[in-house]
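**Q** okay, predicted coordinates and the sequence, questions at the end:
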Amino acid sequence: MTRVAILTAAVAILAVGVPQPGTASQAKSEGSSEQKKQPVTSLKGCVDQQEGLYVLVDDHDLRVVANLDAEGFPIEGFAKHVGQKVTVRGTQNPGDTRPVFRVRSIETVSETRQHESSGEGRK
């Protein structure tokens, strides 16, 4: 029985030191994808539609800040926010002409369309 116990212990020790097929490469690829993930950030501005794209514009000078891309919901979800001041949360990726902001959530800050149509602020 002593030989069996010693053999079992030796096999267990050797098995711990031997890498399992695929685990080392998976760990490396998972680690590298973690490093490539963009941090979640937020931007404020107004949603607009220009040339068939939804964009976020600065609410002071109306310059385009980023193209908007939906992540986890249909792109048409931006339509109800056109003209509104919003906060979008997601990740920003460089684009060809301007950054692309992949929106995970959108929150209305003010509904400027309603203020304009109701005549608030006019004399």
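**A** It's in.

**Q** where along the chain do the strands fall?
**A** Counting by DSSP state E, one finds strands in the chain at the ranges 41-50, 53-57, 64-70, 85-93, 100-110.

**Q** now do the buried residues in the fourth one.
**A** Of the residues in strand 85-93, 86, 88, 90, 91, 92 count as buried by neighbour count, 16 or more other C-beta atoms under 10 Å. Quick note: C-beta positions are derived from backbone N, CA and C, even for glycine.

**Q** and it, C-alpha only, in PDB?
**A** This file holds the C-alpha atoms of strand 85-93, laid out as PDB (Å, rounded to 0.1, in the frame of the first residue of the first chain):
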ATOM      1  CA  LYS A  85     -30.000  66.900 -24.700                       C
ATOM      2  CA  VAL A  86     -28.800  63.500 -23.500                       C
ATOM      3  CA  THR A  87     -26.100  61.600 -21.700                       C
ATOM      4  CA  VAL A  88     -24.800  58.600 -23.500                       C
ATOM      5  CA  ARG A  89     -22.700  55.900 -21.900                       C
ATOM      6  CA  GLY A  90     -20.600  53.400 -23.800                       C
ATOM      7  CA  THR A  91     -17.200  53.100 -25.400                       C
ATOM      8  CA  GLN A  92     -15.500  55.400 -27.900                       C
ATOM      9  CA  ASN A  93     -13.500  54.100 -30.900                       C
END
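
**Q** show the low-confidence segments of the protein, by residue range.
**A** Regions of the chain meeting the criterion pLDDT under 70 cover residues 1-36, 112-123.

**Q** relative to residue 76, which of the strands of the chain is closest?
**A** Nearest to residue 76 among these is strand 64-70 (8.3 Å), distances taken as C-beta to C-beta.

**Q** who are the packing partners of the closest one?
**A** With contacts taken as 3 or more C-beta pairs under 8 Å, 6 or more residues apart in numbering; DSSP states H and E, strand 64-70 sits against strand 41-50, strand 53-57, strand 100-110.
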